[in-house]
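J.: Sequence first, then the predicted structure:
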Amino acid sequence: MIDVQNQRDNRHIEIKKVGVKNIRYPITVLDKAKGVQHTVANVNMYVNLPHHFKGTHMSRFIEILNKYKGDIAIKNFSKILQEMKKKLRAKSAHLEIEFPYFIEKEAPVTKAKGLMEYICRFCGSSNEGEGDDFYVGIDVPITTVCPCSKEISDQGAHNQRGTVTVNVRFKKFIWIEDIIQLVENSASCDVYSILKRPDEKYVTERAYENPMFVEDVVREVAKKLSADHNITWFSVESENFESIHNHSAYAYIEKY
């Protein structure tokens, strides 16, 4: 049968990324408490396409994904990227995996247990002449109390839920749970999936005694990440979904 993708294209325009996107796929992730955790990921796979090829072979991406079924782990990212380049005759390859990760978390006073969801990402790329690159990203929900509101108000202060997004490159293996805990310890207070009245009292008072701007949050996270010699690069951003404003508050730090 005629292979249309391999036919020549006469426009002489190289494509930087071509491939498949939003593949829903079951994966297994290392879990610090339970060994492994099964979840479902959104997977994006791309390669570059030289100017002389008309198209890439989309089915080969799925074949590679199926080959590593049940073993799509950090340690295998480089192997998967190399196989993508080889099988698709490309000079660069990119793999992005985003998935929900669940941690059983106890309420601070009553110890009632509930599952907290965190969105995580494994992202890697391999470029000819540049080597491989890989980073882990995590979205962590937090609570903050506004220091300005507390200072100027005779009673109370406005608070809101926010999200901290951390991306890290590292030398040796890191646990998702450790990054999450680092972020939660850098906010006014954690977010919990279940709270009884004694827990609500604790959370409200703890946050009130620890007011933080988005600027404070990203600086606290950056300070802790900078002290970890295993981390070679990071970016941290915090977005507060303001409770009394028609906008979000936002801050971003990146360290090379």
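T.: Looks like it came in fine.

J.: how about the strands in the stretch 1-150 of the chain?
T.: 15-31, 35-49, 92-106, 113-127, 131-145 (DSSP state E, counting those that start in this stretch).

J.: right, and these - which one's nearest residue 227?
T.: strand 131-145 (18.0 Å; Cβ to Cβ). (Each C-beta comes from the backbone N, C-alpha and C, glycine too.)

J.: The strands of the stretch 1-150 of the chain into a markdown table, with extra columns for mean neighbour count and distance to residue 210?
T.: Converted to a markdown table, the strands of the stretch 1-150 of the chain look like this (neighbours: other Cβ atoms under 10 Å; distance: least, Cβ to Cβ, whole Å):
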| stretch | mean neighbour count | distance to residue 210 |
| --- | --- | --- |
| strand 15-31 | 15 | 29 |
| strand 35-49 | 18 | 31 |
| strand 92-106 | 18 | 19 |
| strand 113-127 | 17 | 20 |
| strand 131-145 | 19 | 7 |
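
J.: now for those, which one comes closest to residue 86?
T.: strand 92-106 (9.2 Å).

J.: list the helices and strands the closest one packs on?
T.: Judged by 3 or more Cβ pairs under 8 Å, 6 or more residues apart in numbering; DSSP states H and E, the packing partners of strand 92-106 are strand 15-31, strand 35-49, helix 77-87, strand 113-127, helix 176-184.

J.: which helices and strands does the second one pack with?
T.: For strand 35-49, the helices and strands in contact under the criterion 3+ Cβ pairs under 8 Å, 6+ apart are strand 15-31, helix 58-67, helix 77-87, strand 92-106.

J.: closest to residue 151 out of those?
T.: The nearest among the helices and strands packed on strand 35-49, by Cβ to Cβ, is strand 92-106 at 31.2 Å.

J.: Mean confidence (pLDDT) on that closest one, please.
T.: Mean pLDDT, strand 92-106: 97.

J.: Of the helices and strands packed on strand 92-106, give the one that comes closest to residue 71.
T.: Closest among those, once you apply Cβ to Cβ, is strand 15-31, at 7.7 Å.

J.: Need the three-state assignment for residue 212.
T.: coil (DSSP: H, G, I helix; E, B strand; the rest coil).

J.: so how far is residue 64 from it?
T.: 44 Å (Cβ to Cβ, to the nearest Å).

J.: Indicate which one of the helices and strands packed on strand 92-106 is closest to residue 99.
T.: Nearest of those (Cβ to Cβ): strand 35-49, 3.8 Å.

J.: hmm, who's touching that closest one?
T.: 14-31, 55-56, 61, 64-65, 72, 84-85, 88, 90-102 (Cβ atoms under 8 Å, 6 or more residues apart in numbering).

J.: Would you mind giving the helices and strands packed on strand 35-49 as a markdown table with distance to residue 49 added?
T.: Below are the helices and strands packed on strand 35-49 laid out as a markdown table (distance: least, Cβ to Cβ, whole Å):
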| stretch | distance to residue 49 |
| --- | --- |
| strand 15-31 | 4 |
| helix 58-67 | 12 |
| helix 77-87 | 12 |
| strand 92-106 | 10 |
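
J.: Residue 158: which of the ones you listed is closest?
T.: So among those, strand 92-106 is nearest, using Cβ to Cβ, at 25.2 Å.

J.: what about that closest one, distance to the chain center?
T.: 6 Å (Cα atoms, centre = their mean, to the nearest Å).

J.: now stretch 239-256
T.: 17 Å.

J.: OK, contacts around the spatially closest residue to residue 123 that is not a sequence neighbour?
T.: Among residues not flanking residue 123 along the chain, residue 96 sits closest, at 4.9 Å (Cβ to Cβ, 6 or more residues apart in numbering). Going by Cβ under 8 Å, 6+ apart, residue 96 touches 43-45, 121-124.

J.: Now do the contacts for the closest residue to residue 141 other than its chain neighbours.
T.: Closest residue to residue 141 apart from its sequence neighbours, by Cβ to Cβ, 6+ apart: residue 191 at 4.3 Å. Counting by Cβ under 8 Å, 6+ apart, residue 191 touches 116, 141-143, 161.
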